[in-house]
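Engineer: Fold the following for me, if possible:
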Amino acid sequence: MKRVIVLAEGQTEEAFVKLVLAPHLATIDKWPEVTRICTRREGGRRTHRGGGGSYEQIRRDLRLLLRSRPDSVTTMLDYYALPRDFPGWGTLPAGSAAFARVAHLEAAFAADIGDERFIPNLVLHELEGLLFTSPRTIAEVLNASQIKELERIAKASPSPEEINDGPETHPSKRLKTLYPEYQKTLHGPQIAARIGLAAIRAKCHHFNEWLARIETA
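Structural biologist: Numbering: from 1, shown residues only. This is a model prediction of the structure:
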């Protein structure tokens, strides 16, 4: 079985890998090991992992993971609120579409890490965007009271991955506004698992391309 390491943004992405991706990848003799970004060390040991921090922290973690001789290493980092020292940020094409921007950043990311085993991945715009593949499933897991608004949000963008990334309109903010009880680490992976990988891949082509690269690495 091939060893795939996923460097994740936080607990939500970690749970998504374990609950949704791992069972699928196991069917093709791949098994993902997931670890969160280290944002603090005490006494030479990792004492806190999770989103945030600088690109240098991400880069340091990736280099350490690559030294452990995996078959491949990839990332699940939200495009929304990336650190501004991220490679390629200063040369983003003006006025470009979301998919073009993320492709530009991923190319710069790959060049900076400089290892053929590395598969760069930025989640557009964040993991919750994938959930809008099925507004009905969101409503089934949380409650049906907001189904019409969920459907309106989904229909307003060409794809779930393109839902706006503004401070008040990024996907997780929209869910939290509609459902104050929404808990990222609990409900996000649970909803994604109920939607299923096939449905997500059909509507989220950047996510699908990333998973296809892992499958063939």
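Engineer: Could you list every helix and strand in contact with the longest helix along the chain?
Structural biologist: Secondary structure of the chain read by DSSP state H shows that its longest helix is helix 98-113. Where contact means 3 or more CB pairs under 8 Å, 6 or more residues apart in numbering; DSSP states H and E, helix 98-113 is packed against helix 55-67, strand 122-123, helix 205-216. Any C-beta I mention is one placed from the backbone N, CA and C, and that applies to glycine too.
Engineer: of all the ones you listed, which gets the most neighbours per residue?
Structural biologist: Most buried of these, by mean neighbour count (mean count of other CB atoms under 10 Å): strand 122-123, with a mean of 24.
Engineer: I'd like to check what contacts it. Which residues are they?
Structural biologist: With CB atoms under 8 Å, 6 or more residues apart in numbering as the test, strand 122-123 has contacts from 9, 13, 75-79, 82, 102, 105-106, 109, 129-130, 207.
Engineer: same question, stretch 91-103
Structural biologist: So stretch 91-103 is contacted by Y79, H104, L105, A108, L122, L124, H125, E161, E162, D165, H205, H206 (CB under 8 Å, 6+ apart).
Engineer: do the same with stretch 54-64
Structural biologist: 7, 35, 37-39, 73, 75, 77, 83, 85-87, 112-113, 118.
Engineer: Go again with 6 Å.
Structural biologist: With CB atoms under 6 Å, 6 or more residues apart in numbering as the test, stretch 54-64 has contacts from L7, I37, C38, P83, D85, F86, I113.
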